[in-house]
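Novice: Need a 3D model of the sequence below.
(2 chains)
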Amino acid sequence: MLRPFLLRCAARLGAALPAVVGLALLAGSAPALPEAPLANEPISPLPEVKSLNLDPRKVKLGEKMFNDGRLSLDNTVSCASCHLFTKGGADGLSTSVGIRQQIGPINAPTVFNAALNFRQFWDGRADSLENQIDGVVHNPKEFDSSWEKNVPKLNNDVPLVQEFFAIYPDGIQGANVKDAIATYERSLLTPSRFDRYLKGDSRAISADEAKGYQLFKNYGCVACHQGVNIGGNMYQKFGVFHDYFSHRGNITDADMGRFTLTRREQDRHVFKVPTLRNIALTPPYFHDASASTLEQAVDVMFHHQLGRIASEEDKRLIVRFLHSLTGERFEVKP
Amino acid sequence: MNSLLRPVLFSTAVILALLAGLAALVYKTQAVDTTLSNSLHERLRDLKQLDAELNLDVLRTKNELNKNYDRLAEQLKLSEKTQAAVSHLAKEMSPGALASPADALKKAVAAKADLIEGFKTQNSVLKNSLRFFPTAALQLREYTQQIQGDAPNPELNKLMNTVTVLVANVLRFSIVPDSALNAQIEEGLAQLEAARSVYPPLAEQLGLVVSHGRVILKQKAAEDAILGEIAAVPAGERIDQLSAALDAEFAAALEERNTWRWILIAYSVGLLLLLMLAIYKLMQSYRSLNLANQSLVQANETLESRVKERTHDLSKALAHLKESELQLVQAEKMAALGQMVAGIAHEINTPLAYIRGGLEVAKTRMADVGLLVREASELKRQLSDPHSDQDVLAGQFAKLDEITAAFEESGAVQEMVLLLDDGAQGIDQIAEIVANLRNFSRLDRAKIDQFDVNEGIASTLKIARNLLKKRTVNTLLGEVPRVRCSPSQINQVFLNLITNACQATTEEEGKISIITRAHEKGVLIEFVDNGRGIAPSTLEKIFEPFFTSGKDGEGSGLGLSIVRRIVDEHGGRITVASRLGVGAKFSVYLPQELPAATEALSSPAPDSPEEKS
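Specialist: Below you'll find the predicted structure:
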């Protein structure tokens, strides 16, 4: 009685063995074959920082200036005050706090990958990184300063002067400080597991994240959050299917978006589409910081921008996907 | 110097101005710089290409050949950058002519970019809704079927048909929008909208279909409008216009340059003529300079010979002068001598006079003495003669008594003794004068000897007694060494100075002091008088030959110059100090030894020591 049972077991095992071994081999082995990068995706992987050929001296100097409070009038605030590495390149606050503890009007976007945005600021008024720096330096609520004030301060720092002269023939000038900081900012690219996935590593993201990506595409989130920066290359009205602002109330100047610049009705409440990279690291969300979790943000997007109804599971998967967009350097393992 | 400076400055300024003009013309005729214009053309070509590609990319994006907006964003950025470069170059090249076409181009490019942004905004929404619409419709059907179950509902079926037609219309509309279709879709959507209240379970899904349907209509219309506007933006035209303006500028610049070239040629010809004129003038002046030069050389030679003549004349004159000087010196000596002789003669005359007088008186008295002697002898004879008559004797005695009484009364003997004494004194005086004279005459020869200045002064004073007359003479003759000199010359010096002192002073109040003392290996002799003094202006010239303060004929003026010469030759010094109205002091210093030069020239003195005659 036992023998045939054993024999049957053995037979089954024997049949299963190759499969088991095969699976074990598959499971145990490192990526067996290099997979081709995905083609025709609406999102592209980040370029290598190496390929940008940035001058390492400028990057180093730019990093120094990024963290230098002397660009502000009373030397208390620097770029890093609102764009902290520990806060995903933003500051984790609803709106930023500038010089002399002045509270700003709008939520700080991340500095990570900002070099890939077609314009800077929520209303896209700066068409370059350098102009964004100018905007901040001259803003009375942020740095409240000017290059006429900053350059003499910096010129008192002899080692700094030497550093500048080593790279720039005219030493410390506003243009050179901006150039250094911008070069540094260009180096702040944060490749994520999703980028590896796009490059062909199908196991870089989990099954849920992959499903989430499909949903992200199918629901149409990707129509605006596309390109290499998963956003950041177009303007869109906040409140396509439903009026977001009348729903929220308390309209401020910050809510006007591009209307502030163009004064055209069609530009009212039109903002630059922000990037979703590192989005898991940068709550609260939206220009008015009205959503403190990704789930809330996704809800708002579905209702106002997509005009769609999604199941909780779908939303959950999309949120999973969004987590995979975090730069691997900054990932916090759940 | 001033007169030279002005023309030089003027001509330099003119030359500089001409050169500046030339430089300016050369500058103007530089080959028209094509680098800027070439860059600008290149940039314009780039821009045109970019513009064309933008149009393509918009369509590609519309047709979903571009998977995202990255490319469009990049192209837009590049286009804006290129347009900025074009503007910059155009304004650099020709701010006047090219500024407005460049600005028009900028406006067109900016307008296009703005429209394309709008396109992106509406395209994303349209895309989503278009994709979703059929799905939404399908789901509606599913839900409807679920509700229906097995019981067919003609109303619901009609609704589904509407939905089907709607989907087809929407799809058609998305490809070829036309207003009729638009209206139909609107109607269909309205029907669905109405059905929401009729079929509550389907309300949500119906709502989705309607909202997306409406969005499709709106965004499609917007898209068409925008695409139309994008096509209408005259970017290409503006590029062409700027290009044409650029060419026109270039042509104009060439024209201008050619004009300037002609001007430059004319100017250069003018300059050349000026240059030839200048050369001609230069050659002329060169010729005249040559002539001037030659005459100068001639004049120089003439001058040389004239100078030689003059020099010859001058040397002859000098020799003459020297001779005259010597003669004058001699004459002065003679004059001095003459003066001295006159003085001496005067001196001798005086004693001579009373010697003669005395002798004459003595002679007269001798007659009386003779008478006395005769009568005495007679008496003696008579006395000796025994045969003399007593009366005759008494008579002789009485005669003798008378004569002797008369003799004693007259004191003739004493008188005669006195006169003879005087005579002897007078002879002594004369003897002295002669002795002095001997001394002096001996001194007419320039013989060198050891000399006692005190003795010299003493003898000179005697000789000058006639001149001195009633003047007071004080001598303070100290212990002095003998000096080696020519005594005759030194005495001449002393005489001259004493004579001058006499001439300066009055007889009544004249006071002359002569002081000698040893001084610095020699002797210092000072002649001080209280005469009228010498004016400071005269003082300077006093030793000059022919200078005299005396009236015409009085004094030759050579005295002091000769004195000076004699003192100099002896290696001594003579100085004078004076105050007008107070007096004058002449100081003569004579060294003990003669200077070597003078020693060599003079003849030795005779060995005989000084003798008084």
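Novice: which intervals of chain A have sub-threshold pLDDT?
Specialist: For chain A, the stretches flagged by pLDDT under 70 are A:1-34, A:331-334.
Novice: and if we set it to 80?
Specialist: Across chain A, residues meeting the criterion (pLDDT under 80) sit at A:1-35, A:330-334.
Novice: For residue 117, which residues are in contact?
Specialist: The chain I'm using is chain A. A:N117 sits next to A:229, A:232-233, A:272, A:275 when contact means C-beta atoms under 8 Å, 6 or more residues apart in numbering or on different chains. In this view, the C-beta of every residue, glycine as well, is placed from N, C-alpha and C.
Novice: um, chain B though
Specialist: Applying C-beta under 8 Å, 6+ apart, we find B:E117 in contact with A:234-235, B:76.
Novice: try 7 Å
Specialist: When contacts are counted by C-beta atoms under 7 Å, 6 or more residues apart in numbering or on different chains, B:E117 touches A:Y235.
Novice: about what we covered before: going by distance to A:K87, which of the contacts of A:N117 wins?
Specialist: Proximity of the contacts of A:N117 to A:K87 (C-beta to C-beta) peaks at A:T275, which lies at 15.2 Å.
Novice: Report the secondary structure state of the closest one.
Specialist: Three-state assignment for A:T275 (DSSP: H, G, I helix; E, B strand; the rest coil): coil.
Novice: so it makes contact with A:N229?
Specialist: Yes - contact criterion C-beta atoms under 7 Å: A:T275 and A:N229 qualify, at 4.5 Å.
Novice: which residue sits closest to A:L317 in space, ignoring its chain neighbours?
Specialist: A:G212 (3.9 Å; C-beta to C-beta, 6 or more residues apart in numbering or on different chains).
Novice: surely that neighbour meets A:L325?
Specialist: No - contact criterion C-beta under 7 Å: A:G212 and A:L325 do not qualify, at 10.2 Å.
Novice: what about the residue nearest to A:L317, which helix or strand?
Specialist: Secondary structure assignment for A:G212, by DSSP states H and E: helix A:207-219.
Novice: neighbouring strands for the helix or strand following that helix, and are they parallel or not?
Specialist: Downstream of helix A:207-219, the first helix or strand assigned by DSSP H and E is strand A:235-237. Strand A:235-237 has the following sheet partners, assigned by DSSP bridges: strand A:270-272 (antiparallel).
Novice: For chain B, see how far away the closest residue to A:D91 other than its chain neighbours is.
Specialist: Closest residue to A:D91 apart from its sequence neighbours, by C-beta to C-beta, 6+ apart: A:C82 at 4.7 Å. Distance from A:C82 to chain B, counting by C-beta to the nearest C-beta, to the nearest Å: 25 Å.
Novice: How many neighbouring residues does A:C82 have?
Specialist: 24 (other C-beta atoms under 10 Å in any protein chain shown).
Novice: residue contacts, it?
Specialist: Residues in contact with A:C82 (C-beta under 7 Å, 6+ apart) are A:91, A:96, A:108.
Novice: What is the three-state secondary structure of residue 188?
Specialist: No chain in the question, so chain A it is. Following three-state DSSP, the label given to A:L188 is coil.
Novice: now it: how far from A:L52?
Specialist: According to C-beta to C-beta, to the nearest Å, A:L188 stands 11 Å off from A:L52.
Novice: Would you mind telling me which of the two has the busier surroundings?
Specialist: Of the pair A:L188 and A:L52, A:L188 is the one with more neighbours under other C-beta under 10 Å, namely 21 against 13.
Novice: isn't that one right up against A:V111?
Specialist: Yes - taking contacts as C-beta under 7 Å, A:L188 lies within contact range of A:V111: 6.0 Å.
Novice: mind listing the helices for the stretch 301-450 of chain B?
Specialist: B:390-410, B:412-442 (DSSP state H, counting those that start in this stretch).
Novice: Count the residues that sit near the residue in the stretch 51-200 of chain A that chain B sits nearest to.
Specialist: At 4.4 Å from chain B, A:F118 is the closest residue in the stretch 51-200 of chain A, using C-beta to the nearest C-beta. Neighbourhood size, A:F118 [other C-beta under 10 Å]: 23.
Novice: what residues are up against it?
Specialist: A:232-233, B:73, B:77.
Novice: Now distance to A:A126 and neighbour count too, for those residues, in a markdown table please.
Specialist: As requested, the contacts of A:F118 are exported to a markdown table (distance: C-beta to C-beta, whole Å; neighbours: other C-beta atoms under 10 Å in any protein chain shown):
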| residue | distance to A:A126 | neighbour count |
| --- | --- | --- |
| A:G232 | 13 | 28 |
| A:N233 | 15 | 28 |
| B:A73 | 15 | 24 |
| B:K77 | 13 | 16 |
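Novice: and of those residues, the nearest to B:N293?
Specialist: Distance to B:N293, by C-beta to C-beta, is smallest for B:K77 among the contacts of A:F118, at 83.0 Å.
Novice: Identify the residue spatially nearest to that closest one, adjacent ones excluded.
Specialist: Leaving aside its sequence neighbours, B:K77 sits nearest to A:F118 (C-beta to C-beta, 6+ apart; 6.7 Å).
Novice: Checking that neighbour next. Helix, strand or coil?
Specialist: What three-state DSSP gives for A:F118 is coil.
Novice: Distance of it relative to A:F66?
Specialist: To A:F66, A:F118 is 22 Å away according to C-beta to C-beta.
Novice: just B:A278 next, same as before
Specialist: B:A278 is 71 Å from A:F66, by C-beta to C-beta.
Novice: List the residues that contact residue 205.
Specialist: Since you didn't name a chain, this refers to chain A. Applying C-beta under 7 Å, 6+ apart, one finds that A:I205 lies in contact with A:193-194, A:197, A:324.
Novice: not quite, I wanted chain B
Specialist: Neighbouring residues of B:Q205 by C-beta under 7 Å, 6+ apart: B:139-140, B:143.
Novice: next one: A:P109
Specialist: A:P109 touches A:90, A:274, counting by C-beta under 7 Å, 6+ apart.
Novice: sorry, back to before: quick one: list the elements packing against the helix holding A:G212.
Specialist: Under the contact definition 3 or more C-beta pairs under 7 Å, 6 or more residues apart in numbering or on different chains; DSSP states H and E, helix A:207-219 sits against helix A:312-323.
Novice: Just want the angle from the helix it packs on to helix A:207-219.
Specialist: 100 degrees (axes from the mean of the first three to the mean of the last three C-alpha atoms, to 10 degrees).
Novice: In contact with residue 69, which residues are there?
Specialist: Let's take chain A. Applying C-beta under 7 Å, 6+ apart, the residues near A:G69 are A:75-78.
Novice: actually chain B
Specialist: Residues near B:Y69 by C-beta under 7 Å, 6+ apart: A:226-227, A:233-234, B:61, B:120.
Novice: now with 10 Å?
Specialist: Going by C-beta atoms under 10 Å, 6 or more residues apart in numbering or on different chains, B:Y69 touches A:42, A:118, A:223-224, A:226-227, A:232-234, A:273, B:57, B:61, B:76, B:116-117, B:119-121, B:123-124.
Novice: Need the winner for burial among the helices of the stretch 301-450 of chain B.
Specialist: helix B:412-442 (a mean of 16; mean count of other C-beta atoms under 10 Å in any protein chain shown).
Novice: Just give me how far that one sits from the chain centre.
Specialist: 82 Å (C-alpha atoms, centre = their mean, to the nearest Å).
Novice: Does anything pack onto that helix? Which helices or strands?
Specialist: Contact here means 3 or more C-beta pairs under 10 Å, 6 or more residues apart in numbering or on different chains; DSSP states H and E; on that basis helix B:412-442 packs against helix B:235-384, helix B:390-410, helix B:453-463, helix B:487-504.
Novice: Specify the angle between the first one and helix B:487-504 in degrees.
Specialist: Between the axis of helix B:235-384 and that of helix B:487-504 there is an angle of 100 degrees, by the same axes, to 10 degrees.
Novice: Same question for the second one.
Specialist: Counting by the same axes, to 10 degrees, helix B:390-410 points 80 degrees away from the direction of helix B:487-504.
Novice: Now do the same for helix B:390-410: mean pLDDT, whole number.
Specialist: Throughout helix B:390-410, pLDDT has a mean value of 85.
Novice: what helices or strands is that helix leaning on?
Specialist: By 3+ C-beta pairs under 10 Å, 6+ apart, helix B:390-410 packs against helix B:235-384, helix B:412-442.
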